[in-house]
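Got a sequence here, can you build the structure:
(chains A and B)
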There are 2 protein chains.
Amino acid sequence: MLELYDKTKTLEMRKKLIGQSCRLFFSEDPIKIVRARGQYLYDENGVEYLDCISNVQHVGHCHPLVTKAAAAQMELLNANSRFLHDNIVHYATRLAATLPPKLSVFYFVNSGSEANDLALRLARQHTQNEDVVVLDHAYHGHLTSLIDISPYKFRKLGRQKEWVHVAPLPDTYRGEFRETHPDPAQAYADTVKEVIDQVHSKGRKVAAFFAESLPSVGGQIIMPYGYCSKVAEYVHAVGGVYVADEVQTGFGRVGSHYWAFQLQGEAFCPDIVTMGKPMGNGHPLACVVTTAEIAKAFTDNGVEYFNTFGGNPVSCAVGLAVLDVIEKENLMANALRVGGHLKELLTELQSRHAMMGDVRGVGLFLGFELVKDQTERTPATEEAAHMVKKERQICVSTDGPWESVVKFKPPMCFSMVDAERVVGNIDEILFHEVTVIKSTSCRSRNIW
Amino acid sequence: MLELYDKTKTLEMRKKLIGQSCRLFFSEDPIKIVRARGQYLYDENGVEYLDCISNVQHVGHCHPLVTKAAAAQMELLNANSRFLHDNIVHYATRLAATLPPKLSVFYFVNSGSEANDLALRLARQHTQNEDVVVLDHAYHGHLTSLIDISPYKFRKLGRQKEWVHVAPLPDTYRGEFRETHPDPAQAYADTVKEVIDQVHSKGRKVAAFFAESLPSVGGQIIMPYGYCSKVAEYVHAVGGVYVADEVQTGFGRVGSHYWAFQLQGEAFCPDIVTMGKPMGNGHPLACVVTTAEIAKAFTDNGVEYFNTFGGNPVSCAVGLAVLDVIEKENLMANALRVGGHLKELLTELQSRHAMMGDVRGVGLFLGFELVKDQTERTPATEEAAHMVKKERQICVSTDGPWESVVKFKPPMCFSMVDAERVVGNIDEILFHEVTVIKSTSCRSRNIW
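So this is what the prediction gives:
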């Protein structure tokens, strides 16, 4: 059934029954979506929305092969992983084939948050250290331990744990070291080294450097090439490990590689990688992979790790179907081709619109900055918010410290036509809407 | 497909690819299960196993109505809860109907661990206090924050956080106040008050008392009637909240009530309840419900709570199907009837076997203690382990501080015939196996 209640009733029930910390898109006038297919969403009136942001529905909303695999396995068995089953080992084998050989031991869990929390436990158990170095503006999940290591969250709550240390985001557009710097990778890696040195000067010890391979909430940041290897070197030198959070960026989204950390070259390999969102195409499925050595240290503490639903046969069947679809439908090649075209079209807009700042990204992980001024790079926060709201039938959203980065992380079946449609739309808005706003900036808050 | 690899190969792959902290049942010779239905599991050779322990597969393994509901919704839509959707509000309404009116605001998550972590965040935000009082031997989940409040785990790791305080398990069979005590509920509640007083004397403040409504890992404990109301009174008096962990005990398992905390009478209502395991019959689905007041405090901190998969239309459709089956198949009445019969049969064994200690439980949440001696109540740990291993085709397991409690928490479709079969089997083992062991106790470790 598509609808049980009319939209007004749904909204009324939602406000009463669901914690309001769980926010709605367009909270003043939210969208009710009743069905979806591929990269398209449909509301209760059949209006179509182009989805540029659902990275979870990686191979497309409601992919029939994923549904079929889930239903077939649900009919057979969905017991826990204390019983032997082929799906979990087969799935681990398939995932291992996409990773460097060193990353060979898997823990299946239900969400990116569970994965990041386990990564933290593994790092601490292995190193016997407590402290964590994270990047500014990072978000690693909604759990107590992860709010603690997410500056994006803990700054809003006005508290920072003594074991958490923040290094600058290696942002070559807005950060201290920009595109004109001779070696931003080295310069930003050195800022991490400084943080580590400060930690040690306090008599504390680093368990992990924890970072998204492409910082997303931080504003779709592409780390300068060589940065991760250098950071890993510094972290290893003090006995810590490198945790790559690939929850948003994995499974071929960057097009050229299966994992975003691989953009840093073959010389770089994290000690722990976490995966999540796209892994089950919407089914709660996530994972931690690490080295035999770190896994052994965790086993050696003598305490069982039992995750009730983690790695069950249905979750693994869903995960396997997602891998199959990525392969069969050449979705990595599509991400490269369509993402490349989208980036090109967005870059062209720079010459026509003064507000188009940096355009960046790889594959179907893209973003562009709206700026009030190209030279000063003043974030155009309100203008970005206006753009998101203006054309509701094209779902985009903003991120970055000033919410001035419009981001794209659509289902991987996003097409050339979709790319052209969305850029045409942005072009239109920049011509007719945002420029008007710019010239009447004193009234802007009232207008939007 | 039932099998991709033969069992030897599966086991070999498992050892290599999956973290060994994730343990297998009968690790020396694990069972490979390839399909299941109702309360029966089947291995790769078609051998049938009677499942007495899978409380997750609440309405029976692979229930067709649950599969059908999941597949139907997967075909339509599985977006996140930032879009309005009817399933989440409809499901919350259905759950609310089973709860006291005060518990009216829901947060949907993916596991009992995620639920308990969120409960902790809610309690702390609302009370602005940090400390937690838990029961001895408790287990609340695998996350960093929950290992910290689980004596069952943190004692093994040899560490206890300064903000965690342990009260005695209100166990009237083994604890300080037993069945002969005139008022064990008051006596045990007073031990919690003592802990709270100690916390306050250190200048600390209690955010929450956190307890399973029927402590499970603690040994299938039935709390004395009146205990929870008293504890809630003491906790409220110092500004804390009462969190009832119903992850193992909810959804009608106790037969007479939908939630185990309701066994404590209508006067008692927790401030926060967490649900999990049986909620999605194996699908990763869990929930926190709380009062409007606590939810408001959490909203008022201004920080969004976003759980990527939590409350998605598919998870909610699965949850709704589980509620439907419980109702349509009268599974609560079945739990009362079959659980009552099973308890009666186990109690009869006490008169014939000196090793049968306490038999306790409600509905299909049951356990019995094996003791070396009825008067001293010496836990018969090895004998309990032997019983579990002896008859592998009947899956039971042990719990309790000495692993001497054999527990039952089968799918709710467990039948009278199943109950008779399992008790007949236990009777047999007690006659022919465990008594032999008892008389040759000096050699026992070698024998088994």
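
in the helix or strand containing residue A:327, what counts as buried?
Per DSSP states H and E, residue A:327 falls inside helix A:313-328. By 16 or more other CB atoms under 10 Å in any protein chain shown, the buried positions in helix A:313-328 come out as A:313-323, A:325-326. Using the backbone N, CA and C atoms, a C-beta is placed for each residue, glycine as well.

same question, stretch A:18-34
Residues of stretch A:18-34 classed as buried under the neighbour-count rule (16+ other CB under 10 Å) are A:18, A:19, A:20, A:21, A:22, A:24, A:25, A:30, A:31, A:32, A:33, A:34.

ok, the fourth one - contacts?
Read it as residue A:21. With contacts taken as CB atoms under 8 Å, 6 or more residues apart in numbering or on different chains, residue A:21 has the following neighbours: B:107, B:295, B:298, B:299, B:301, B:303, B:304, B:305.

Which of those residues are buried, as a ChimeraX select command?
Restricted to buried positions by 16+ other CB under 10 Å, the ChimeraX selection for those reads:
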select /B:107,295,298,299,303,305
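
and the contacts of residue A:21 as CSV, adding secondary structure?
Formatted as CSV, these follow (DSSP: H, G, I helix; E, B strand; the rest coil):
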residue, secondary structure
B:107, strand
B:295, helix
B:298, helix
B:299, helix
B:301, coil
B:303, coil
B:304, coil
B:305, coil
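
From the buried residues of helix A:313-328, list the ones also adjacent to chain B.
Contacts with chain B within these, as defined by CB under 8 Å from any CB of the partner chain: A:314, A:315.

nearest to residue A:243, of the buried residues of helix A:313-328?
Using CB to CB, residue A:319 comes nearest to residue A:243 of these, at 21.0 Å.

Pick out the most distant pair among the buried residues of stretch A:18-34.
A:21 and A:34 (24.5 Å).

Residue A:111 against residue A:276, yeah?
Yes: contact criterion CB atoms under 8 Å: residue A:111 and residue A:276 qualify, at 6.1 Å.

which residues do the two both contact?
A:286, B:308.

Residue A:97 - how many residues pack around it?
10 (other CB atoms under 10 Å in any protein chain shown).

Quick check: it vs residue A:104, distance?
Distance of residue A:97 to residue A:104, computed by CB to CB, to the nearest Å: 11 Å.

in the stretch 101-250 of chain A, which spans are helices?
A:112-127, A:144-148, A:151-157, A:184-201, A:227-237 (DSSP state H, counting those that start in this stretch).

What average pLDDT does stretch A:235-243 get?
Averaging pLDDT along stretch A:235-243 gives 98.

what's the answer for stretch A:340-353, then?
96.

tell me which residues in that stretch are buried?
A:340, A:342, A:343, A:345, A:346, A:349, A:353.

which residues are contacting it?
A:255, A:356-357, A:359, A:361, A:364, A:366, A:368, A:408, A:414, A:416, A:419-420, A:422-423, A:426-427, A:430-431, A:434-435.

What of stretch A:413-429?
Taking CB under 8 Å, 6+ apart as the rule, stretch A:413-429 contacts A:38-39, A:50, A:52, A:59-60, A:329, A:331, A:334, A:337-338, A:341-342, A:345-346, A:349, A:352-353, A:364, A:386-387, A:390-391, A:394, A:396, A:406, A:408, A:410.

is it true that residue A:398 touches residue A:404?
Yes: here residue A:398 reaches residue A:404: they are 6.9 Å apart, a contact under CB under 8 Å.

Residue A:199 and residue A:163, how far apart?
Residue A:199 sits 9 Å away from residue A:163, going by CB to CB.

what residues do the two have in common as contacts?
residue A:131.

quick one: which of these two has more around it?
Taking other CB under 10 Å, residue A:199 and residue A:163 do not tie; residue A:199 has more neighbours (20 against 17).

so that one touches residue A:167, yeah?
No: applying CB under 8 Å, one finds residue A:199 not in contact with residue A:167, separated by 10.6 Å.

can you list residues touching both of these two?
residue A:133.

For the stretch 201-350 of chain A, which residues are neighbours of chain B?
A:276-277, A:281-285, A:290, A:295-296, A:298-299, A:301-312, A:314-315.

hmm, 7 Å instead?
Residues of the stretch 201-350 of chain A lying close to chain B by CB under 7 Å from any CB of the partner chain are A:277, A:282, A:284, A:295, A:298-299, A:301-309, A:312, A:314.

what about stretch A:101-121, near chain B?
Yes: residues of stretch A:101-121 contacting chain B under CB under 7 Å from any CB: A:104, A:105, A:106, A:107, A:110, A:111, A:112, A:113, A:114, A:117, A:120, A:121.

Using JSON lines, lay out those together with pLDDT.
Formatted as JSON lines, the residues of stretch A:101-121 next to chain B follow (pLDDT from 0 to 100):
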{"residue": "A:104", "pLDDT": "98"}
{"residue": "A:105", "pLDDT": "98"}
{"residue": "A:106", "pLDDT": "98"}
{"residue": "A:107", "pLDDT": "98"}
{"residue": "A:110", "pLDDT": "98"}
{"residue": "A:111", "pLDDT": "98"}
{"residue": "A:112", "pLDDT": "98"}
{"residue": "A:113", "pLDDT": "98"}
{"residue": "A:114", "pLDDT": "98"}
{"residue": "A:117", "pLDDT": "98"}
{"residue": "A:120", "pLDDT": "98"}
{"residue": "A:121", "pLDDT": "98"}
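
Just among those, which is most surrounded?
Neighbour count (other CB under 10 Å) singles out residue A:114 as the most crowded of the residues of stretch A:101-121 next to chain B, with 34 neighbours.

now, the most widely separated pair of the residues of stretch A:101-121 next to chain B?
Of all pairs drawn from these, the one with the longest distance (CB to CB) is A:104 and A:113, at 23.6 Å.
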